[in-house]
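**Q** how would this look folded up:
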Amino acid sequence: MVIPRVRIYTAGVCDPDPGGNAGWGVVLTNEDSSHRKEISGGFQATTSDRMAIWAGIHGLKALTVPCWVRFYSTDEYFIWANNGSWVDSWKRHNWVNDPLGGRPHHVDLWKKFISWKDLHDIIFTHVDKPEYFPEIQRCEQMARSRVSGWPEISQVDLPVDAGYQNPDNQGDPMDDFDPQPPLCFHCSTPLISRKSKNSDPFELDQFYCNFFLYCPGCKASYLVPEILKHYPPSYLLPGWNGDDLTL
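**A** Model (predicted):
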């Protein structure tokens, strides 16, 4: 089975930033852009950085099987946190980022994001010129519509971003965003992704990959196609045909 190749474009806006009403937008496409999905949302009184992470969570949550992902974002903090391995380091150090026990910003969202991130092989790219990316422009349009209420969606009844209002509250509103990763065939431990030595998954043959799924329990390893062929049809995205990702 071919491993899906997906592109995710995201943007977040907040006016004023921080503390204003905010929105996020996501566009997902398969590699040749023949299929497309759009998602958006917003919150009261939050920040643009939190919207970027929210967009990332929703973008990855839309993928129901392990994928190769090109991830584009306008938020420099979000991209550097991933490309600089900050998020992985925070997780390894139990979400502490200095010797005095200080915690990074937005831990509530980063915990959720990395749970989804670990299921896929992702290349993160910062977009500093959105005018050259129609999908990013669409993301910004959807995000701004949440802030302004025009032309698509009213900002009435925007939900409260509880994690921003109360940073010490780490969990309950987002419990439904916990991923359900594939399980090890031997010990039923949730699998996580691991990188192999190849550098660019989009340049590889479709039947090979530069990441694999690893069991932290019994240390077993699985090639992604091996896992995909065991998924029941009900677990896959609607329209899945075994050869391409249908969004």
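
**Q** which one in the protein is furthest away from the centre?
**A** In the chain, the greatest distance from the average C-alpha position (C-alpha atoms, centre = their mean) is reached by residue 100, at 30.0 Å.

**Q** for that one, which three-state class applies?
**A** The three-state assignment at residue 100 reads coil, by DSSP: H, G, I helix; E, B strand; the rest coil.

**Q** all helices of the chain, in order?
**A** Counting by DSSP state H, the chain has these helices, from start to end: 48-61, 76-83, 86-92, 107-117, 134-148, 162-165, 224-228.

**Q** for the ones you listed, which has the smallest mean pLDDT value?
**A** Taking the mean pLDDT of each of the helices of the chain, the lowest value is held by helix 224-228, a mean of 61.

**Q** can you list the neighbours in contact with stretch 132-142?
**A** Outside stretch 132-142, the residues that touch it by C-beta atoms under 8 Å, 6 or more residues apart in numbering are 7, 9-11, 13, 23-27, 29, 38, 40, 55, 72, 74, 127, 130-131, 152. C-beta here means a position set from N, CA and C on the backbone, and glycine is covered the same way.

**Q** if we go to 7 Å?
**A** For stretch 132-142, the surrounding residues in contact (C-beta atoms under 7 Å, 6 or more residues apart in numbering) are 9-11, 13, 25-27, 29, 38, 40, 72, 74, 127, 130.

**Q** list only buried entries from these.
**A** 9-11, 13, 25-27, 29, 40, 72, 74, 127, 130 (16 or more other C-beta atoms under 10 Å).

**Q** low-confidence ranges, this protein, go.
**A** Scanning the chain for pLDDT under 70 picks out 1-2, 149-157, 167-181, 195-211, 223-247.

**Q** can you map out the strands along it?
**A** Using DSSP state E, the strands found in the chain span residues 5-15, 20-30, 36-46, 68-73, 121-126, 192-195, 211-214, 221-223.

**Q** any chance of the ones you listed in JSON lines, with distance to residue 163 too?
**A** What follows is the strands of the chain, written out as JSON lines (distance: least, C-beta to C-beta, whole Å):
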{"stretch": "strand 5-15", "distance to residue 163": "14"}
{"stretch": "strand 20-30", "distance to residue 163": "13"}
{"stretch": "strand 36-46", "distance to residue 163": "8"}
{"stretch": "strand 68-73", "distance to residue 163": "19"}
{"stretch": "strand 121-126", "distance to residue 163": "22"}
{"stretch": "strand 192-195", "distance to residue 163": "24"}
{"stretch": "strand 211-214", "distance to residue 163": "29"}
{"stretch": "strand 221-223", "distance to residue 163": "34"}
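
**Q** ok, which of those strands comes nearest residue 164?
**A** Ranking the strands of the chain by distance to residue 164, with C-beta to C-beta as the measure, places strand 36-46 first at 4.5 Å.

**Q** got the CA positions of the closest one in PDB?
**A** Written as PDB, here are the backbone C-alpha positions of strand 36-46 (Å, rounded to 0.1, in the frame of the first residue of the first chain):
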ATOM      1  CA  ARG A  36      -8.600  19.300  -0.600                       C
ATOM      2  CA  LYS A  37     -10.000  19.900   2.900                       C
ATOM      3  CA  GLU A  38     -10.500  23.200   4.800                       C
ATOM      4  CA  ILE A  39     -10.900  23.600   8.500                       C
ATOM      5  CA  SER A  40     -11.100  26.800  10.700                       C
ATOM      6  CA  GLY A  41     -11.900  27.900  14.200                       C
ATOM      7  CA  GLY A  42     -11.400  30.700  16.700                       C
ATOM      8  CA  PHE A  43     -11.200  31.800  20.300                       C
ATOM      9  CA  GLN A  44     -11.700  34.800  22.500                       C
ATOM     10  CA  ALA A  45      -8.800  36.600  24.200                       C
ATOM     11  CA  THR A  46      -5.800  34.500  23.200                       C
END
